[in-house]
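> output the structure for:
(chains A, B, C and D)
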Protein chains: 2
Amino acid sequence: MASTQFSTKDRILGAAEELFAQHGFMGTSLRQVTSRADVNIAAVNYHFGSKENLINEVFRRRMDEMSRQRLGQLEQASKDRPGELEAVLAAFVEPALAVARDRQGGAAFIRVIARAYAEKNDGLRQFLSEQYGHVLREFARAIAQCVPGLEKEQLYWRLDFLSGALTYAMSDFGLIKRPAGVSEIAHRKRAADELIRFAAAGIKS
Amino acid sequence: MASTQFSTKDRILGAAEELFAQHGFMGTSLRQVTSRADVNIAAVNYHFGSKENLINEVFRRRMDEMSRQRLGQLEQASKDRPGELEAVLAAFVEPALAVARDRQGGAAFIRVIARAYAEKNDGLRQFLSEQYGHVLREFARAIAQCVPGLEKEQLYWRLDFLSGALTYAMSDFGLIKRPAGVSEIAHRKRAADELIRFAAAGIKS
DNA sequence: GTCTATAAGAAGATAGAC
DNA sequence: GTCTATCTTCTTATAGAC
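I've put the predicted structure just below:
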């Protein structure tokens, strides 16, 4: 294998991520995955045991990184721009974009997230809630500090709206298409700025 | 009297909608559909020709009704509350809820929508864009009238955020869960009111 | 760790009787 | 319009050689 320093396991994860984003979990066969990763069909079951466990591992690899960045940027914001809602929202939104443009297949990950709540895959939803629920709670706490008068239930509604808007925008489903002359990075930056402004106004209302 | 007055075709549509919401388009087999609808496996291909066409028809049945209500309520709003952004947003948001509680299976349809943009099904996206794009453009026009200074690209970003927040909230994925003492209808009404307020502030910002 | 080969079954679609 | 039976292809998963 002259072409790569990536292990068989990493190549499977990368190929699976791209294909899951394109065709869904159930719409992607392990044969497609192993074919794209240029490994043998039996390697998936050797390294991951089952298709379901492969799905969880694809998630974990990106979510761990994204959560780490979100919490790090949130902590930085509380030092540099204390009490400023826009800084908290940037800490929530921008790492999602950073992961999305991280490398080939990162953009695909955003669609995998969108998929996670559309496919009423209860095992996966529970996995996400258990593993990453504390990140959302941390942001709820930080937003509450920026907007002292906001009651708790209303805050949770607005966090849900923010999450939905972020997911939708990231999945390139809507009216907005990246214009030909605009780079992917510039487009994502524009998306982040627009969303932060929109959500900040909504949360403060 | 109960279920026998539905035709084979309608029973297939109802069963397909529920299963698509639960397991996705690709994760649902025609065998599951015909088994739940209690019709023969060959009936799907007789009535719909193919699985892809069945998917489109599931959408058409609900989207036609939802679009009709949205445009009707929008027209009413332009008479009763001209220039009022909240009225336009209510015309966009509330019919989605009306469809969601329309009858058995309406709630499932909301998840089918969420799924439609997560499953990067290009045939379906094109179908939706062609058949219902004019509704979105009508709302863009109405919002622009309410917020004269808003530039067009910014308006489209915000419409995408609204659509995402609506979809996410409707699919019951987020932090907000319906409390035990609150009826489904009251919960949906609360969701609509919160979203209208949130989005109105964001769009006006 | 990676391979070939294959088991065991599910998928969409169709032909043709009634 | 609805049925049974079947074709062809694809799926996950495993057994066992190297």
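
> following the helix-or-strand element of chain A with minimal mean pLDDT, which helix or strand comes up?
One helix or strand of chain A scores below all others by mean pLDDT, DSSP states H and E: helix A:106-118, with a mean of 65. Once the chain leaves helix A:106-118, the next helix or strand it forms, by DSSP states H and E, is helix A:122-146.

> just give me how far that following helix sits from the chain centre.
Relative to its parent chain, helix A:122-146 has a centroid offset of 13 Å by C-alpha atoms, centre = their mean, to the nearest Å.

> what does chain A have sitting close to DNA strand D?
Residues of chain A lying close to DNA strand D (C-beta under 7 Å from any atom of the strand) are A:28-32, A:41-42, A:45, A:50-52. (Glycine included, C-beta is placed from N, CA and C.)

> can you say which of those residues are buried?
Neighbour-count burial (16 or more other C-beta atoms under 10 Å in any protein chain shown) applied to those gives A:28, A:30, A:32, A:51.

> relative to A:Val135, how far out is A:Gln73?
12 Å (C-beta to C-beta, to the nearest Å).

> tell me who's in contact with A:Glu194.
When contacts are counted by C-beta atoms under 8 Å, 6 or more residues apart in numbering or on different chains, A:Glu194 touches B:154, B:157-158, B:161.

> just among those, which is most surrounded?
The most crowded member of the contacts of A:Glu194, judged by other C-beta atoms under 10 Å in any protein chain shown, is B:Phe161 (29 neighbours).

> right, and that one touches A:Ala165 too?
Yes. B:Phe161 is within contact range of A:Ala165, at 3.8 Å (criterion: C-beta atoms under 8 Å).

> overlap of the contact sets of those two?
A:195, A:198-199.

> mind showing which ranges of chain A have poor pLDDT?
Applying pLDDT under 70 to chain A flags the ranges A:1-5, A:101-108, A:110-112, A:114-125, A:172-173.

> run the last query once more with 90
The model of chain A has pLDDT under 90 over residues A:1-7, A:14, A:17-28, A:49-65, A:96-132, A:164, A:167-180, A:182-188.

> and the residue of it nearest DNA strand D?
Closest contact between chain A and DNA strand D, by C-beta to the nearest atom of the strand, is at A:Ser29 (3.0 Å).

> how about the strands in chain A?
Shown for chain A, no strands are assigned by DSSP state E.

> look at the one residue in chain A that gets nearest to DNA strand C and say how many residues are nearby.
Relative to DNA strand C, the nearest point of chain A is A:Asn40 (2.9 Å; C-beta to the nearest atom of the strand). Neighbourhood size, A:Asn40 [other C-beta under 10 Å]: 11.

> picking up where we left off before, tell me the one of the buried ones among the residues of chain A next to DNA strand D nearest A:Pro179?
The closest of those to A:Pro179 turns out to be A:Thr28 (C-beta to C-beta; 30.5 Å).

> max-length helix in chain A?
In chain A, assigned by DSSP state H, the helix with the most residues is helix A:51-80.

> list the buried residues in it.
A:51, A:54-59, A:62-63, A:65-67, A:69-71, A:73-74, A:77-78.

> what's the answer for stretch A:134-146, then?
Quick answer for stretch A:134-146 (16+ other C-beta under 10 Å): A:135-136, A:138-139, A:142-143, A:146.

> okay, those residues in TSV with distance to chain B next?
Supplementary listing: these in TSV, determined by distance: C-beta to the nearest C-beta, whole Å:
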residue	distance to chain B
A:Val135	12
A:Leu136	7
A:Glu138	13
A:Phe139	11
A:Ala142	15
A:Ile143	12
A:Cys146	15
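
> please identify which pair of the residues you listed lies farthest apart.
A:Val135 and A:Cys146 (17.1 Å).

> what's the burial count for A:Pro82?
Counted with other C-beta under 10 Å, the neighbours of A:Pro82 add up to 10.

> how near is A:Glu75 to chain B?
Noted for A:Glu75: a distance of 22 Å to chain B, by C-beta to the nearest C-beta, to the nearest Å.

> state the distance from that residue to A:Pro82.
11 Å.

> ok, now A:Lys177?
For A:Lys177 relative to A:Pro82 (C-beta to C-beta), the value is 38 Å.

> for chain A, what lies in contact range of DNA strand C?
Near DNA strand C, when you scan chain A using C-beta under 7 Å from any atom of the strand, you find A:7-8, A:39-43, A:46-47.

> from those, which is closest to B:Ser205?
Each of the residues of chain A next to DNA strand C was scored against B:Ser205 by C-beta to C-beta, and A:Ser7 proved nearest at 47.8 Å.

> gap between that closest one and A:His47?
Using C-beta to C-beta, A:Ser7 is found at 9 Å from A:His47.

> who are the contact partners of A:Ser163?
When contacts are counted by C-beta under 8 Å, 6+ apart, A:Ser163 touches B:168, B:174.

> and the gap between A:Arg158 and A:Glu151?
11 Å.

> equivalent analysis for A:Pro95, please.
28 Å.

> between the two, who's got more neighbours?
The neighbour comparison of A:Pro95 against A:Glu151 (other C-beta under 10 Å) goes to A:Pro95, with 22 against 8.

> next up, the contacts around that one.
A:Pro95 neighbours (C-beta under 8 Å, 6+ apart): A:66, A:69-70, A:73.

> I'd like the distance between the closest residue in space to it that isn't next to it in sequence and B:Val39.
Using C-beta to C-beta, 6 or more residues apart in numbering or on different chains and skipping the chain neighbours, the partner closest in space to A:Pro95 is A:Gln69 (3.7 Å). For A:Gln69, the distance to B:Val39 (C-beta to C-beta) stands at 51 Å.

> before we move on, what about A:Ala15?
Distance from A:Ala15 to B:Val39, by C-beta to C-beta: 39 Å.

> repeat that for A:His47.
42 Å.

> how about A:Ala42?
Counting by C-beta to C-beta, the gap from A:Ala42 to B:Val39 is 40 Å.
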